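> quick one, structure for this:
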Amino acid sequence: PRQADAVIIATQDRDHVEPALRFAELGYDILLEKPMGVSQEECHAIVSAAERSGAIFAVCHVLRYTPYTKTLKALLDAGRIGEIVSIQHLEPVGWWHQAHSYVRGNWRRTDESTFMLLAKSCHDLDWLVHLTGKRVTRVSSFGGLHHFRPENRPQNAADRCLDCTAEPECPYSAIRLYLPLAGREIWPLTALTDDVSEQGVRKALRTGPYGRCVYTCDNDVVDHQVVNMEFEGGTTAAFTMTAFTPSLHRQTRVFGTHGSIEGDGDRLTVHDFVTGRTEVVETRPPGDATARGGHGGGDEGLVEAFLTAVSTRDRSSILSSPTESLHSHLMAWAAERSRLTGETVRTD
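A predicted model of the protein is given here:
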């Protein structure tokens, strides 16, 4: 029987659909981690169940809830740069984050989780729809697994970093990434082991997946991808996701008919074509762009919005509807089909 007002579903990606459908049937308010599901059929089923239940339903599109996004969205909606014509958007995954989550970790294989764009960047696709207020009509995409492959393994590399003579010069050294965190109950160390002592971390690197050489893992998801999008009305966007960066906030340029805005997750620079003036708007997000840092205030903003909706029964604090979340997921599938086939794909 029903035991609570609301439920948070934060299982692994392939385990979302069953609890989502059952909790919706029981009338729970639901906060669902992204991606909603790992197939289009699962996502359609979840959205239908959420709409039938009439309960509060929110997908964890945390980028919508950051102070930075709210400031940028307000500037755009106020017409500060006129009509949006095009957008450049970069997701700098970070070299160590790619190695942790998408080469050694839980999201390294499409068949065990899902493809990279859906797992990592449905955030960004949803965010671009949120900024423009328009649906995407067609996409094209290119990318692949370029670097984390056996043929790029150094000649003297071992199967594990603890045994490797090439480790001191390797950017993806598990020793360098994890051992300095020993003794601290923080992500990403807590993904390796419950024993965060130096001895516990060394044991995890010796026996677990996170101590493996990045060139000899069983990963198959991409390490770089670009997506070109056309929105209703002809607005365009170019999105780049790449592993080969520092782990930073997203970086965006929005080009309008009366001005442009450049943003780096911390501040926004507004260029006014009429006056020729430039204004810098500081948003000062709490924390950094990582999970450890609360995704620039997005995690806190999302949870606060969900709890407000649950307690007041007013959905207005939830910034994306089930059908909006579904659209961003369908964009990801369309982009992946384009990447695999080389064709431009419609999202409808």
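
> can we go C-alpha only for contacts and neighbour counts from here?
Fine.

> where in the chain is pLDDT low?
Along the chain, segments meeting pLDDT under 70 span 285-293.

> quick one: the nearest residue to Gly94 once chain neighbours are set aside from Arg284, how far?
Nearest in space to Gly94, with sequence neighbours left out and distances taken as Cα to Cα, 6 or more residues apart in numbering, is Ser247 at 3.9 Å. Using Cα to Cα, to the nearest Å, Ser247 is found at 17 Å from Arg284.

> same thing with Cys122?
24 Å.

> these two: which has the busier surroundings?
Legend: neighbour count by other Cα atoms under 10 Å for Cys122 and Arg284, higher for Cys122 (25 against 13).

> for the more buried one, list the residues it contacts.
34-35, 328-329, 332 (Cα atoms under 8 Å, 6 or more residues apart in numbering).

> now Leu117
Contacts of Leu117 (Cα under 8 Å, 6+ apart): 332, 336.

> what does Asp195 give?
Here Asp195 is in contact with Val201 (Cα under 8 Å, 6+ apart).

> 123 is where my numbering starts, stick with that
OK, 123 is where the count begins now, so the last one is Asp317.

> which helix or which strand is home to it?
Under DSSP states H and E, no helix or strand contains Asp317.

> domain parsing for this protein?
For the chain, the TED database gives the domain ranges 185-267+341-416+463-467, 272-329.

> hang on, the earlier thing: most neighbours among the contacts of Cys244, please name it.
Of these, with other Cα under 10 Å as the count, His451 tops at 29 neighbours.

> doesn't that one fall inside a helix?
Yes. Assigned with DSSP: H, G, I helix; E, B strand; the rest coil, His451 falls within a helix.

> for it, which non-adjacent residue is closest in space?
Cys244 (6.1 Å).

> and for Pro444?
Val169 (5.6 Å).

> and the helices in this protein?
Taking DSSP state H to define them, one finds helices in the chain at 139-147, 162-175, 189-199, 217-219, 238-254, 296-300, 320-329, 420-434, 444-463.

> which among those helices is found nearest to Tyr337?
helix 296-300 (12.5 Å; Cα to Cα).

> send me the closest one as PDB with only the CA atoms.
Provided in PDB are the C-alpha atoms of helix 296-300 (Å, rounded to 0.1, in the frame of the first residue of the first chain):
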ATOM      1  CA  ALA A 296      43.500   6.200 -11.400                       C
ATOM      2  CA  ILE A 297      46.200   6.600  -8.800                       C
ATOM      3  CA  ARG A 298      46.400  10.400  -9.400                       C
ATOM      4  CA  LEU A 299      42.600  10.700  -9.600                       C
ATOM      5  CA  TYR A 300      41.500   8.700  -6.500                       C
END
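
> mind listing what's buried in it?
296-297, 299-300 (16 or more other Cα atoms under 10 Å).

> out of these, the closest to Gln373 would be?
Leu299 (24.5 Å).

> residues near His183, how many?
23.

> how about the strands in the stretch 223-372 of the chain?
258-266, 346-353, 358-364 (DSSP state E, counting those that start in this stretch).

> what's the separation between the residue nearest to Thr430 when sequence neighbours are not counted and Gly387?
Taking Cα to Cα, 6+ apart as the measure, Thr430 lies nearest to Ser439, with 7.0 Å between them; neighbours along the chain are not counted. Counting by Cα to Cα, the gap from Ser439 to Gly387 is 22 Å.

> perfect, I'm done here.
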